[in-house]
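K.L.:
Need a 3D model of the following:
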Amino acid sequence: ETLEQHSWIICDGDVDPEWIESLNSVLDDNRLLTLPSGERIQFGPNVNFIFECHDLKFASPATVSRAGMIFLSDENIDIQ
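P.N.:
Okay, here's the model as predicted:
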């Protein structure tokens, strides 16, 4: 895809320490994902990630420092 087309990869669910650590290199300037098989996937600057999770208790400081956080309280959202 061209760099003019933006893509969003949305991960919905708890942050699991086993897989989130392998995403650290995707979230930094390298934007490179290395799979357990050794295969590498390079993401361009037009690919963005969103993690929708209940909490970050299993995320390491390295992961948290690479992401922007938006906190939405259940009390402040009217879900219908």
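
K.L.:
Low-confidence regions, this protein specifically.
P.N.:
Across the chain, residues meeting the criterion (pLDDT under 70) sit at 1, 79-80.

K.L.:
ranges for the helices of the chain?
P.N.:
17-20, 24-27, 61-65 (DSSP state H).

K.L.:
mind listing what's buried in stretch 46-61?
P.N.:
Neighbour-count burial for stretch 46-61, counted by 16 or more other C-beta atoms under 10 Å, picks out 47, 51, 59. Just so you know, the C-beta spots here come from the backbone N, C-alpha and C atoms, and that holds for glycine as well.

K.L.:
residues near the nearest residue to the last one once chain neighbours are set aside, how many?
P.N.:
Excluding the flanking residues, the one nearest residue 59 by C-beta to C-beta, 6 or more residues apart in numbering is residue 15, at 4.8 Å. Burial of residue 15 is recorded as 19 neighbouring residues (other C-beta atoms under 10 Å).

K.L.:
do the same with residue 21
P.N.:
13.

K.L.:
That one against residue 63, yeah?
P.N.:
Yes. When contacts are counted by C-beta atoms under 8 Å, residue 21 is listed as touching residue 63 (7.2 Å).
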